[in-house]
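**Q** Sequence and predicted model, in that order:
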Amino acid sequence: MSNRSDIIAIEAVSEVAAADSEDDSFFHRSPSVVEAWQRQDRDSVPVLRRSDSMDGNWSPAVRDLHMLSLSFLFVFLAYGAIQNLESSLHVTDGLGSTSLALLYLSLTISSLGSPFMVMWLGSKNAILFGLSGYWAFIAANIFPSWYTMIPASVFLGFTASILWVAEGTYLTFAAKSHAAACNITEATAIGTFNGQFWGVFASNQVVGNLISLALLQFEKATPGTVQLFIVFLGSMTVGTVFALLLRPHGQILKFGPPLLRSDSVNSAIYNRSFVKSTFALLFEKKMLLLILLLVYTGLQQAFIWGDFTRDIITPAFGVSWVGGVMAIYGAADAIGSLVAGKYSTGLVSIAIITCAGAITQALVLMIFFCKQEYMAGWTDYMLLAGLAIAWGVGDATFNTQISALLGILYPNDTEAAFAQWKIWQSAATSAAFFASTHIDLATRLLSLLGVLVASIAAFLVVVLRPDRTHWLKS
């Protein structure tokens with residue numbers, strides 16, 4: 001590779017290195033990488049080189065993608081299955097629903113400061129810290145009471161806010177590194193990485209819910225439930241090991257001047273600047289238009305995790321069959337994520353794929369509004385399975401395309417952008433769980449449909465007219 005190509009390769013990933021450091025202290029944005037190249041020995045500056053064996057398909061960042069995906073698969077096959085059962089297992093005084101509502105309320109509040117925590121800890125350490133709350137929540141379910149579930153739910157909300165901002169940051173930076181190494185566009189790499197991650201992630205619903213189906217179907221007694229939680233703690237252990245194997249981005253792209261360990265004045269200035277930029281994104285015009293869609297993603301998750309499992313599946317088939325139907329939902333979500341990510345190459349494709357998912361979920365909502373009661377027969381079971389598949393496809397499009405969109409629109413504010421998603425998504429989920437015991441199902445369905453239509457309209461303004469709409473520019 002020529003010297004000029006080396007410089008171009010480093011310039012392409014300069015923001016990645018500046019945005020994520022695994023050191024245990026605060027850091028500042030590094031100056032131009034070209035300047036660093038000129039003032040330092042070239043051998044001391046790592047360069048993402050493309051070898052003939054890469055051929056545009058492989059780079060070290062792909063390994064990071066696989067480790068991250070497997071970690072989240074094993075962690076969330078445990079948590080996802082328990083979350084689906086939460087409102088059905090702990091029905092006394094609404095303990096299950098209240099726990100989930102407080103969890104997402106805590107996540108909402110904590111998301112305001114989660115970007116700062118991710119920048120402080122570094123994305124890998126933030127992921128590891130974020131997993132601790134899931135351990136506590138699953139352990140609390142072994143001895144469910146108001147004294148165990150409520151504190152565990154609040155703590156999980158705090159750690160989950162950090163985990164998901166760290167995930168979005170880590171994945172976006174890995175995709176950009178891959179794009180630079182393999183000479184492909186960042187939009188393509190981000191879309192592909194998000195598709196593969198969410199495809200593997202969504203398959204947790206298949207494995208976890210099949211495990212819960214088997215144990216709850218054939219072990220009806222209480223010990224069967226305890227056994228289920230013990231099995232899931234083992235899965236959490238495997239997922240944590242994969243997270244430990246992640247490479248810090250600072251290890252991959254570490255250059256620039258030393259971290260400001262002793263310069264407390266400059267560190268304080270940087271910290272205030274970062275916090276200011278995080279809150280400023282709350283009022284950024286493109287983000288304001290996207291808020292409704294971010295809210296809808298939270299509402300649609302609350303519907304499938306709560307209303308669908310508690311008010312539709314359980315009355316017709318019993319709690320043991322929640323796992324079976326949700327496994328089908330998870331399979332559709334996983335396949336849909338892989339397909340959506342493969343064809344996500346820019347703003348136009350993101351708009352088309354997201355609209356297809358929105359139309360799919362709108363049809364499901366209208367069917368549920370027309371038919372809200374189901375019988376314990378194979379005809380209704382097949383219908384519910386089909387609706388679960390359609391909902392999973394819609395969920396896949398929202399997860400993959402919003403992740404890709406935020407990475408494209410906010411390359412310099414990745415942590416803050418993903419924090420905004422978790423703030424609005426978790427706030428909507430929390431509100432939906434709180435309201436589910438006070439509002440009838442028909443009203444909830446119509447409200448969900450109305451938010452979906454309005455959110456897609458605002459979303460299209462952002463993705464289809466980003467240059468012509470001058471007032472969107474911040």
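**A** Right, received. Where do you want to start?
**Q** State the number of residues packed around the nearest residue to residue 419 once chain neighbours are set aside.
**A** Distances taken as Cβ to Cβ, 6 or more residues apart in numbering place residue 115 nearest to residue 419, at 4.5 Å, with adjacent residues excluded. Yep, even glycine has a C-beta here, placed from its N, CA and C like the rest. For residue 115, the number of neighbouring residues by other Cβ atoms under 10 Å comes to 30.
**Q** Over to residue 306?
**A** 25.
**Q** got it, and residue 308?
**A** Residues contacting residue 308 under the criterion other Cβ under 10 Å number 23.
**Q** Same check on residue 238?
**A** 15.
**Q** Does the residue nearest to residue 419 touch residue 166 like I think?
**A** No - the pair residue 115 / residue 166 is not scored as a contact, 9.5 Å apart, by Cβ atoms under 8 Å.
**Q** And what about the residue nearest to residue 419, helix, strand or coil?
**A** helix (DSSP: H, G, I helix; E, B strand; the rest coil).
**Q** residue contacts, the residue nearest to residue 367 when sequence neighbours are not counted?
**A** Distances taken as Cβ to Cβ, 6+ apart place residue 387 nearest to residue 367, at 6.4 Å, with adjacent residues excluded. For residue 387, the contacting residues are 364, 367-368, by Cβ atoms under 8 Å, 6 or more residues apart in numbering.
**Q** Quick one: buried ones out of those?
**A** The neighbour count (16 or more other Cβ atoms under 10 Å) marks 364, 368 as buried among the contacts of residue 387.
**Q** a markdown table please, covering the contacts of residue 387 and showing secondary structure and pLDDT.
**A** Output for these, formatted as a markdown table (DSSP: H, G, I helix; E, B strand; the rest coil; pLDDT from 0 to 100):
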| residue | secondary structure | pLDDT |
| --- | --- | --- |
| 364 | helix | 93 |
| 367 | helix | 92 |
| 368 | helix | 90 |
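**Q** Tell me where the stretch 301-450 of the chain has helices.
**A** With DSSP state H, counting those that start in this stretch as the criterion, the stretch 301-450 of the chain has helices at 314-317, 322-342, 347-370, 378-409, 414-435, 441-464.
**Q** Let's have the ones you listed in CSV, adding distance to residue 155.
**A** Shown next, in CSV, are those (distance: least, Cβ to Cβ, whole Å):
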stretch, distance to residue 155
helix 314-317, 28
helix 322-342, 25
helix 347-370, 32
helix 378-409, 25
helix 414-435, 14
helix 441-464, 28
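**Q** So which of those is nearest residue 73?
**A** Of all those, helix 322-342 sits nearest to residue 73, with 9.7 Å by Cβ to Cβ.
**Q** For residue 187, give its distance to residue 226.
**A** 47 Å (Cβ to Cβ, to the nearest Å).
**Q** which ones are touching residue 399?
**A** Residues in contact with residue 399 (Cβ under 8 Å, 6+ apart) are 194, 198, 202, 297, 337.
**Q** lowest average confidence, helix or strand, in the chain?
**A** Across the helices and strands of the chain, mean pLDDT, DSSP states H and E gives its lowest value to helix 33-39, namely a mean of 36.
**Q** I'd like the distance between residue 307 and residue 437.
**A** Counting by Cβ to Cβ - residue 307 and residue 437 are separated by 11 Å.
**Q** What of residue 182?
**A** Taking Cβ to Cβ as the measure, residue 182 falls 51 Å from residue 437.
**Q** what about those two, which has more around it?
**A** Comparing residue 182 with residue 437 by neighbour count (other Cβ under 10 Å), the higher total belongs to residue 182, at 19 against 13.
**Q** Of all residues in this structure, which one is nearest the centre?
**A** In the chain, the centroid-proximal residue (Cα atoms, centre = their mean) is residue 164; its distance is 5.4 Å.
**Q** my guess is it contacts residue 418, does it?
**A** Yes - assessed by Cβ under 8 Å, residue 164 is found in contact with residue 418 at 6.8 Å.
**Q** the more surrounded of residue 187 and residue 226?
**A** Shown here are residue 187 and residue 226; by other Cβ under 10 Å, residue 187 has more neighbours (20 against 15).
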